[in-house]
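Asker: Below are the sequence and a predicted model for it; my questions follow.
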Amino acid sequence: MIVINELIWDEFNLNHIQKHNVTQLEIVEASQKVKSILEGNLGRLVVIGKTKNKRLITFILDKKGKDNYYLVTARDTSRVERRIINEKNNKK
């Protein structure tokens, strides 16, 4: 499980997620309903979460201190990532 005390926002990541049709509010919602956490490149976390509207979003976080993370990017969860979530749920 991951504890996110603070998500770090700047003009770059806000503009970048907008290109993927993801809003800041959706990231906040998805970070509160995490379905899976995977290890990404460069020590980053690949987090899959669900919004209040049941949209699955994958977002990449870079740790910047105790429980503080910089949002690198965000997008809709891919089919492969959805399969990973389903496989994890079936093993429980």
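Answerer: On my side now, so go ahead. Numbering: from 1, shown residues only.

Asker: who touches stretch 16-34?
Answerer: 1-2, 4, 7, 9, 14, 47-52, 55-57, 59, 71, 73-76 (C-beta atoms under 8 Å, 6 or more residues apart in numbering). Where you see a C-beta, it was placed from the backbone N, CA and C, and this is true even at glycine.

Asker: Filter those residues down to just the buried residues.
Answerer: For these, a neighbour count by 16 or more other C-beta atoms under 10 Å gives the buried set as 4, 7, 47-51, 56-57, 59, 71, 74-75.

Asker: Apart from its chain neighbours, what residue comes closest to residue 56?
Answerer: Excluding its sequence neighbours, the residue lying closest to residue 56 (C-beta to C-beta, 6 or more residues apart in numbering) is residue 77, at 3.9 Å.

Asker: on that earlier part again, for the buried ones among the contacts of stretch 16-34, which one is nearest residue 84?
Answerer: The closest of those to residue 84 turns out to be residue 48 (C-beta to C-beta; 8.0 Å).
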